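Participant: Quick one: sequence and predicted model below, then my questions.
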Amino acid sequence: MRKLWPILLVGVLACDKGGAAGGSRDEIIAAWKKGGLSPSAMTPATVPVGKDCQSGTVGAIDVLLCVYPSAADAKAAEESGLAWVGDTTGAAQANGSVLIAIADRRKSDPTGRTINQLMKLAPK
């Protein structure tokens, strides 16, 4: 039984997805596509929100996805995400260890329907 313990530990660690609910950046993008949205290619973004950020668009809406070491770090960055959104209509919300920030700078979503859909489609 003593030799089985390291194998079990390795198996548990290999299955761990960071210990937090939510999805990875790729899972979020895949969920948006599955929901019928068309995200652009995401490119690295240098923003004060975080170090590991990528930005793109969904339709005419700007999106920013930043990955943090933990869900708590992503949650703590929500205010920075809202600062990135600025005075335009948008949202910033942690999803596990990923911060999702959305800004409608082109005023293409006057009802907020697409912004709401982007947030709801992200894996929980």
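Facilitator: All right, it came through fine. Residues are numbered from 1 along each chain as shown.

Participant: Now do the same contact list for T46.
Facilitator: Shown in contact with T46 (C-beta atoms under 8 Å, 6 or more residues apart in numbering): C53. To be clear about C-beta, it is placed using only N, CA and C from the backbone, and glycine gets the same treatment.

Participant: any idea where the helices of the chain begin and end?
Facilitator: Taking DSSP state H as the criterion, the chain carries its helices at 4-15, 25-34, 71-76, 78-85, 113-121.

Participant: starting at the chain centroid, how far to the second one?
Facilitator: Which is helix 25-34. Here the centre of helix 25-34 is set off from its chain's centre by 9 Å, with C-alpha atoms, centre = their mean, to the nearest Å.

Participant: Contacts for it, please.
Facilitator: With C-beta under 8 Å, 6+ apart as the contact definition, helix 25-34 has outside contacts at 23, 39, 42, 54, 58, 65, 67, 95, 98, 100, 118, 121-123.

Participant: Let's have those residues in JSON lines, adding distance to A83 and pLDDT.
Facilitator: Listed next are these as JSON lines, based on distance: C-beta to C-beta, whole Å; pLDDT from 0 to 100:
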{"residue": "G23", "distance to A83": "24", "pLDDT": "82"}
{"residue": "P39", "distance to A83": "23", "pLDDT": "98"}
{"residue": "M42", "distance to A83": "20", "pLDDT": "98"}
{"residue": "Q54", "distance to A83": "18", "pLDDT": "98"}
{"residue": "V58", "distance to A83": "20", "pLDDT": "97"}
{"residue": "L65", "distance to A83": "16", "pLDDT": "98"}
{"residue": "V67", "distance to A83": "18", "pLDDT": "98"}
{"residue": "N95", "distance to A83": "18", "pLDDT": "97"}
{"residue": "V98", "distance to A83": "17", "pLDDT": "98"}
{"residue": "I100", "distance to A83": "15", "pLDDT": "98"}
{"residue": "L118", "distance to A83": "19", "pLDDT": "97"}
{"residue": "L121", "distance to A83": "24", "pLDDT": "96"}
{"residue": "A122", "distance to A83": "20", "pLDDT": "95"}
{"residue": "P123", "distance to A83": "25", "pLDDT": "92"}
